[in-house]
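**Q** Let me see the structure of the following:
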Amino acid sequence: MVGSEQAVDSWLTAEAEAVIRQAQERARRRRRRASAVIAIGATLLTVAGVVLVTEGLTPDRPSGAGRTVPVARSLRPGLIVGVIAGCPGALSYPERIPTLAGVVTLFRGRIGYKEVRPGVRQAVIPRQVRRAVAAVEHIRRGQRFSFREAPGHYVLSALAGDRESGLFRYPPLAVSLRSGATARVVTSAGCA
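**A** Take a look at the predicted model:
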């Protein structure tokens, strides 16, 4: 009887070892499959990321959604400088354009137009642009304004004058700023 119990025990032990080996082999195959799937997924994500980045960095290529604008080659800031110009008057010779004191506001975005009457359009600052204030500068008479900003499209608005002589809002100006460039601007209402 003892011999048969030992035979059963050895048979059960051999059976258990075979089941354990099979389970270990199945686990090894699952791990290999999972690591292969992870490697393929990581490769696909890397390729997709590289494609998206290279497509986005291609110069003069429009973006996929929203407004189409060329992608800047370099993101060095540009400079917007200028003055608020007044009218020289009728008897000034040689003509010297006076520069006025006031407040200059720079908005991110593009200028809009509305039709005042048939055939006549007036420049306006769209509502979404009015919320995107990039910078504000108060300047004195004879002083220049200067803004250092990232490349892009901007709208410049000037309010000139003082409390004694009255305030005057100049028409908005569109400014396109390239990387590292300087845009020189003279706000003027057009003297009669």
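**Q** From the chain's centroid, how far away is the top helix by length along the chain?
**A** Identified as the longest helix of the chain according to DSSP state H is helix 2-57. Here helix 2-57 is found 46 Å from its chain centre; the criterion is Cα atoms, centre = their mean, to the nearest Å.
**Q** any idea how far Ala23 is from the closest residue in space to Ile111 that isn't next to it in sequence?
**A** Distance criterion Cβ to Cβ, 6 or more residues apart in numbering; nearest residue to Ile111, sequence neighbours excluded, is Ala174 at 4.3 Å. C-beta here means a position set from N, CA and C on the backbone, and glycine is covered the same way. Plainly put, Ala174 is 72 Å away from Ala23 if you go by Cβ to Cβ, to the nearest Å.
**Q** Tell me which of the two has more neighbours.
**A** Between Ala174 and Ala23, counted using other Cβ atoms under 10 Å, the more crowded position is Ala174 (13 against 10).
**Q** so where does the more buried one fall, helix or strand?
**A** strand 173-177 (DSSP states H and E).
**Q** residues of that strand that come out buried?
**A** Neighbour counts over strand 173-177 (16 or more other Cβ atoms under 10 Å) mark Leu173, Val175, Leu177 as buried.
**Q** what's that strand in contact with?
**A** For strand 173-177, contacts defined as Cβ atoms under 8 Å, 6 or more residues apart in numbering pick out 78, 80, 106, 110-111, 123, 149-157, 183, 185, 187.
**Q** Over to stretch 149-168?
**A** Outside stretch 149-168, the residues within contact range by Cβ under 8 Å, 6+ apart are 69, 72, 75-78, 80, 82, 84, 86, 100-111, 125, 129, 134-135, 169-170, 172-179, 181, 185, 187, 189.
**Q** now those residues: which count as buried?
**A** By 16+ other Cβ under 10 Å, the contacts of stretch 149-168 give 72, 78, 80, 82, 84, 86, 100-111, 125, 129, 134-135, 170, 172-173, 175, 177, 185, 187 as buried.
**Q** So which of those residues sit within strands?
**A** Mapping the buried ones among the contacts of stretch 149-168 onto strands (DSSP state E) picks out 78, 80, 82, 84, 102-108, 134-135, 173, 175, 177, 185, 187.
**Q** From Arg110, how far out is Ala134?
**A** Per Cβ to Cβ, Ala134 is found 13 Å from Arg110.
**Q** show me what contacts the nearest residue to Pro98 once chain neighbours are set aside?
**A** Excluding the flanking residues, the one nearest Pro98 by Cβ to Cβ, 6+ apart is Gly86, at 4.3 Å. Residues counted as contacts of Gly86 (Cβ under 8 Å, 6+ apart) are Ile97, Pro98, Thr99, Leu100, Ala160.
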